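*Asks:* here is my input, please return the structure:
(3 chains)
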Amino acid sequence: MTDSLLSVRDLKKHYPITEGPLRKEVGRVRAVDGVSFEVERGETVGLVGESGCGKSTVATTLMGLEEPTAGRVSFDGVAADRRDSVDRREFRRRVGMVFQDPTSSFDPRMTIGESVAEPLSIHGLDDRARRREIVADLLERVGLSAEDAERYPHQFSGGQKQRAALARALVLNPDLLVADEPVSALDVSVQAGILSLLDDLQREFDLGILLISHDMSVVREICDRVAVMYLGEIVETGPTEEVLADPQHPYTRALVSSVPAPDPSQRASEARLSGDVPSPSDPPSGCRFHTRCPEIIQPEGYDFDQANWRAVMDLRVALGDSEDGDFEGELVDGEVRAGGIRDRFGIPDELGDEGAEAVLSEALDSLASGDSESARDLLGREFETVCERDSPELRETESGHPAACHLHDERAE
Amino acid sequence: MATDSGDRATFETVDWSAVDDPNHLPTGRSLAFLTAVGLLTVAFGYDYLLADGPLAAGWSPTALDWLSLVGVAAFACYVVAPLAQNRQLTRRYWRQLRRDKLAVASLGWLVFFALFALVGPVILGDPETAPMGMGASEGRYGIPIYQPPVGFGVSEHAATVCSGPVSDGKCWGTVLHPLGTTNTGEDVLAFVAQGARIELKLAFVSGMILVPVATVVGTVAAQFGGRVDSLLMRYVDLQQVIPAFFVYLVAQFLYGGSLLLMVVVFGLLNWGGVARLVRSEALKKREAGYVKAAQAAGGSRLAVVRRHLMPNVANAVVTAITLQIPMLLIIETTLSYLGLGPMQGQSWGYLIETNIHDKNFPTLVWWSVAAPVGFLVATVVSLNLLGDALRDVLDPRTDGKTSGKTDGGDR
Amino acid sequence: MTDSLLSVRNFRARFDGETGGDIWAVDGVSFDVERGETVCLVGESGSGKTVTCEALTRLVSADLDGEIRFGGRNLLGLSEAQLREVRGAEIAHVFQNPQGALDPVYSVGEQLREAVERNRDDLGESGDSGESGDSGESPDSPREVAIDLLDQVGIPEAATRYDDYPHEFSGGQKQRVVIALALAGDPDLLVADEPTTALDVTIQAQILDLLGELQDDRDVGVLFVTHDLGVAAQVADRIVVMYAGKVMERGGVSQIFDSPSHPYTRALFRCLPGWGSALDPIPGDPIDPADPPGGCRFHPRCSAAVPECGEGEQPDLYDADSQGESDHRVSCVFYGPDRNPAELDAERPTTPETARVPKEGDDD
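*Replies:* This is a model prediction of the structure:
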């Protein structure tokens, strides 16, 4: 483990939510909540997830642009908090970074050449002529021309700017490249060019690359390994081919199947994920995906149809969210009848399981009488699932790569 | 992916263990500026402590003059020198500016104004004894009051002495008093020149206080955030509730009025608004990729402020300052008009005030009011127009060669 | 053809270039949209797809030329006042960025109610019944209609969310609200410009489903603009591939995806990441709209280009299938009279099939 180029252990980054003039902390946004992974030399690791899952925060935190709340980031065996000033300079030199938006990546007042050379002067290369030569050479290697050094950012297209951004990230001859959504602002035809350039550069310089992306296709294209993030946690990780071909976590499955296939004969018919990503300031208990998971484990002692069970969970999630009384308010002056609620959440009039039906009916009755609290308590007591109770650990699955899902606990036991 | 780069230096060939840490020596520009300030300090010390009487050639500089010289040094080192060094950039700025006719006219006026303020008082001398004033007049009572400007005539009987040609029962203006004379017989042109020098010093020195203080405070507050930000901004809040005008009046009462006092009071109490503007601009820029890129490459926060934030808030500074300085000019004129001015008796405001209340205004001496008002308006408007134009000129994106973005909605 | 819901013929849009020249952002585009059908405009930035769809109701400040027939009249000939009646009530837009499409200072309900009321005024029905206050409303008061719309686009607890402000909605929900706004006028044609580009994939899937359901319910025509071939494959009935203001190829969705015929379309497929084949970027940079190349706009970047490609005008839209009339049309000299499209394949051995390996193992 100490030999990994980059090793991230249990990284956490919480942002305090403060209130009032004294900045009293009233809560925390758990942007990154215990993330571990490694990047080896010459390897591309993808960190994939939807917006708000914390993947970009991982990047800025491991780059040291923000202080981690907890956890350890080691580069080439040296932990971030053990670095002295020499190590720190060396770390900066050996890790390059590329950002998402090529337009804001360049100071509009500096020529591309000046921008690309900036890291050199930051690190004390004072010889101007030498800097110019290095930049000219590098610009050519990323597919621009040496004369481009004299031009200003606004004279370049997005793809060209992203090439220049790669040049800037490489100019200190780094061992690791952190690329935060490097192609998501570009057209497909341009994307392809940047991705193959990344691939070439990696092979030429034996770079380790941490690629952060929301786009499964990009990850599939260039990553050797992938880690899937959801709400600040890694839910599944492994070799890209394996994870995408045989996803072990329901979230990965949903993510993979949500990518629209460029093939009209494969129009998706799978069930969609319901709802939105919950707020990281108040993440769900247990498995953070349980509020949306289509494969959520059923409570012991009941036998639901899985779709019905998901629908009942949706009702429970809605009840849980409505602590300020929203839900009651609407129910009181909207349709008070229990049937309306069943309708809204797609719960059939009769659940297959009689015991479950009895519990649900009782809960709906108390809901209809305006007592949402006891409905919530009843449902919570009777229909508690392991997914909301325990937080699953990342553990090996039969397919050979780890995932954090209780479905695999069961099989293991 | 050509790798045959011959002898050319490439990024792989840099032996970083042989490269020293960057030295933090000041740049040549800063060195020059510090030297200049050092010399000025020595000269000031000599003048203040040792020398009796005038420093050189009958010139005994005031404290404000010393400050102005520091301002000149800063202006030369940080504005003129970079422009002269980077000809290409200067040409581009000029090319860009030239397209805006109004801005060129404004610049022309401001250059004329500066020269006029510097040279005018020397050539024209004291308004009362102006070369074309007392000495040249051979009137019945010796004082040529109510002389009209060139090209205008007034009733022969109105002007007690007419130093120009008299015809048709009218006294015509003469080049001896191109802008006429006041109701007390002072040469208006010489008076305006003398007032212009006051305005110039005021604008220049307060600008030299406002710009650096506001820029540094604004960018540092934005970049460092947290306590630094809170502290600086709370101070700005505090400062902004202190009315500079009132402080000036009190200080004048206590210490006596001087232009230095006004520059110091208004310069030190007025940068808050500009700093706030700079801060909000810098906050936006701080999130830009190039700032993060510089930090990721190991640039210190101060280096980022200097290299990226300061140049990129220049637009905001220029705009704010070209509004702030005209305001100071107007305040000074107003104070003098109210008889509270620092340089009572020499300022435009005084000229306006003494003549506007003349019983013959506006049939006569309208020119003594029109001239300073005209100068003031032209200067204020020019500053505003030039500021607007500079904001665009300083932005490299308006280079004229940009291709039109036609498909803005696309990615 | 004459009965099409929307019929665009030889449409052109001109902007003033900053350096004085003309920029033809759209230069001779023709296509139709039928009722109940989804037509996808596919292209990269600078292809003119956004200008085309915004020009339908003249939301762009460009000189427009050609013919846009909708509901029996040429929209380009209408006055601004007449156009206002078309906007919303007959043609409604859904934009890419839901954040920008909603005014942050009004509640979602207010914005929706305003749209409903505006539309009633346009139809000549007095809309003042809803002004009487919040209580005691008639079944189809604007408020009720607005809540109903929110419900239809899948906003849970619509009545409670009515008074919420846009920032209280997530990105996906905001886009749902924007769709509700577009539906407020009960339009015949929905113009959706990259409606899911700003959203995450799982949310994108939800919104695409929603649009599909709404289309089935209301039998509206949808003009869908996207840069994403995957999205196009999921939603389109017919596809128009644009490049640099020109139509390169158009046809039914299966025609385009099973036998892409224009070299540009083929090149686009080859640079789709993550679908099997090695990436094969399109060489060169997008063209300068102020100074487009002669002949076929794509020829400077086309690997199959022959000298003839650089001459004259953009080739006509030839029939892709040499036998008989079909809707599949290609603007490429290789499909012209006396040419054999097979030459194209000879130039470039890559067949489109390699670009489209099915996503193996996703469905177990």
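*Asks:* what does the stretch 201-350 of chain A put close to chain C?
*Replies:* Listed as neighbours of chain C in the stretch 201-350 of chain A under the rule Cβ under 8 Å from any Cβ of the partner chain: A:214-222, A:244-246, A:254-268, A:270, A:272-273, A:276-277, A:318, A:326-327, A:329-330, A:333-334, A:344. All C-beta spots, glycine's among them, are computed from the backbone N, C-alpha and C.
*Asks:* now do the helices in the stretch 1-150 of chain C.
*Replies:* Under the criterion DSSP state H, counting those that start in this stretch, helices of the stretch 1-150 of chain C are mapped to C:49-55, C:80-86, C:98-101, C:108-122, C:142-152.
*Asks:* now do the third one: which elements does it pack against?
*Replies:* Read that as helix C:98-101. For helix C:98-101, the elements it packs on are helix C:171-183, judged by 3 or more Cβ pairs under 8 Å, 6 or more residues apart in numbering or on different chains; DSSP states H and E.
*Asks:* one more: the fourth one?
*Replies:* In this structure, helix C:108-122 packs against helix C:142-152, helix C:171-183, with contacts taken as 3+ Cβ pairs under 8 Å, 6+ apart.
*Asks:* which other residues reach stretch B:231-240?
*Replies:* The contact list for stretch B:231-240 (Cβ atoms under 8 Å, 6 or more residues apart in numbering or on different chains) reads B:217, B:220-221, B:269, B:272-273, B:275-276, B:279.
*Asks:* now which of those would you call buried?
*Replies:* With burial judged by 16 or more other Cβ atoms under 10 Å in any protein chain shown, the buried subset of the contacts of stretch B:231-240 is B:217, B:220-221, B:269, B:272-273, B:275-276, B:279.
*Asks:* can you put those residues in JSON lines and add distance to B:N183?
*Replies:* Output for the buried ones among the contacts of stretch B:231-240, formatted as JSON lines (distance: Cβ to Cβ, whole Å):
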{"residue": "B:V217", "distance to B:N183": "47"}
{"residue": "B:V220", "distance to B:N183": "53"}
{"residue": "B:A221", "distance to B:N183": "52"}
{"residue": "B:L269", "distance to B:N183": "36"}
{"residue": "B:G272", "distance to B:N183": "41"}
{"residue": "B:G273", "distance to B:N183": "39"}
{"residue": "B:A275", "distance to B:N183": "44"}
{"residue": "B:R276", "distance to B:N183": "45"}
{"residue": "B:R279", "distance to B:N183": "50"}
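*Asks:* closest to C:D32 among those residues?
*Replies:* Nearest to C:D32, judged by Cβ to Cβ, of the buried ones among the contacts of stretch B:231-240 is B:R279 at 54.8 Å.
*Asks:* now the strands: where do they sit in chain B?
*Replies:* Using DSSP state E, the strands of chain B run over B:153-155, B:166-167, B:170-172.
*Asks:* show me the shaky parts of chain C.
*Replies:* Low-confidence segments of chain C (pLDDT under 70): C:1-2, C:18-20, C:122-139, C:276-278, C:322-325, C:345-364.
*Asks:* tally of neighbours for the nearest residue to C:Q96 once chain neighbours are set aside?
*Replies:* Spatially, and ignoring its direct neighbours in sequence, C:Q96 is nearest to C:E194 (4.0 Å; Cβ to Cβ, 6 or more residues apart in numbering or on different chains). Residues within reach of C:E194, counting by other Cβ atoms under 10 Å in any protein chain shown, total 23.
*Asks:* assess the claim that C:E194 and C:V225 are in contact.
*Replies:* Yes - counting by Cβ atoms under 8 Å, C:V225 is a contact partner of C:E194 at 5.7 Å.
*Asks:* now the common contact residues for these two.
*Replies:* C:T50.
*Asks:* secondary structure element holding residue 159?
*Replies:* All of this refers to chain A. If you go by DSSP states H and E, A:G159 is part of helix A:158-170.
*Asks:* sorry, I should have been clearer: chain C.
*Replies:* With DSSP H and E as criterion, C:A159 is part of helix C:158-161.
*Asks:* does that helix come close to chain A?
*Replies:* Yes - on the criterion Cβ under 8 Å from any Cβ, helix C:158-161 is in touch with chain A at C:159-160.
*Asks:* what's the closest non-adjacent residue to C:G284?
*Replies:* Closest residue to C:G284 apart from its sequence neighbours, by Cβ to Cβ, 6+ apart: C:R301 at 4.2 Å.
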